[in-house]
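In: coords please:
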Amino acid sequence: MTLYIDEKELVIEILTSLKRFFKFKELENILGISVPTLWRYIHGDIKPSQDRSRRMITKLLDSDMINVIKEKVVKTDEEGLINVYNLAYNIDILTIASIDAMLWAQDMGFTSVATVETDGIPLATLISKRLNIKLVTIKRKKEVGFNKFIEVSYITRAPPEIVSLYLPEGIIGYGDKVLIVDDLVRSGRTSIALFELIKRAGARPAGFYALISIGDAWREVVERYVGGNYKVLFRLGTI
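Out: Predicted coordinates for the structure are as follows:
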């Protein structure tokens, strides 16, 4: 199925979200488009042309711009910990991330988006809607109303404990091509469990998208399962 993408609408969505973090003058300097024109785009008075929309999207989602956004929105507390909640539930960040994910994944033929409850759900929901494919939420408890489950357990790092993930049988179809979405990836332990759960369901873990990554330990894990089919919006060093 060919995915229809309205680039004019997309760039207005991106601009509207970026306006929460940037002044009009900053956006003017980044895009080389006057403040009055940007104001009219955001307020729906006019739309950019198809070619201009495409160029604007490319500029607004390139790595340099993402790093600028990261400096503005990714904050740490006094102990150096990232407040993931404020990002995972920020609708403007989710809008930007879901558009970024859709444009990256649009030609990969995914048939499902899967995530683990709970903080990855908002992003996974938006991505599945934009790609127009099924959403699957994997739970840490058995869901009432199902008799059979596929189960995988793993040990967390700090504090060490055994965590089990459950997927009702039949939720993911045999041979489904699954995009796994996460809010935060660090060690890759949860990702391994997710990949294995998808495989046990008879589906194929074929891609990975995360809002935030910390360090590089996760990379080897992800590449083992999906090769180079992964993308992270905000990459941070070890904290």
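
In: so where do the strands sit in this protein?
Out: 112-116, 134-138, 149-155, 162-168, 177-185, 204-214, 230-236 (DSSP state E).

In: turn these into a markdown table, columns for mean neighbour count and distance to residue 222.
Out: All C-beta spots, glycine's among them, are computed from the backbone N, C-alpha and C. Shown next, in a markdown table, are the strands of the chain (neighbours: other Cβ atoms under 10 Å; distance: least, Cβ to Cβ, whole Å):
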| stretch | mean neighbour count | distance to residue 222 |
| --- | --- | --- |
| strand 112-116 | 26 | 14 |
| strand 134-138 | 19 | 17 |
| strand 149-155 | 15 | 15 |
| strand 162-168 | 17 | 17 |
| strand 177-185 | 25 | 8 |
| strand 204-214 | 23 | 5 |
| strand 230-236 | 19 | 5 |
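
In: so can I have JSON lines of the ones you listed showing mean pLDDT?
Out: Below are the strands of the chain laid out as JSON lines (pLDDT from 0 to 100):
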{"stretch": "strand 112-116", "mean pLDDT": "97"}
{"stretch": "strand 134-138", "mean pLDDT": "97"}
{"stretch": "strand 149-155", "mean pLDDT": "94"}
{"stretch": "strand 162-168", "mean pLDDT": "95"}
{"stretch": "strand 177-185", "mean pLDDT": "97"}
{"stretch": "strand 204-214", "mean pLDDT": "97"}
{"stretch": "strand 230-236", "mean pLDDT": "96"}
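
In: mind putting the ones you listed into a markdown table with distance to residue 101?
Out: Output for these, formatted as a markdown table (distance: least, Cβ to Cβ, whole Å):
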| stretch | distance to residue 101 |
| --- | --- |
| strand 112-116 | 9 |
| strand 134-138 | 13 |
| strand 149-155 | 24 |
| strand 162-168 | 22 |
| strand 177-185 | 7 |
| strand 204-214 | 5 |
| strand 230-236 | 7 |
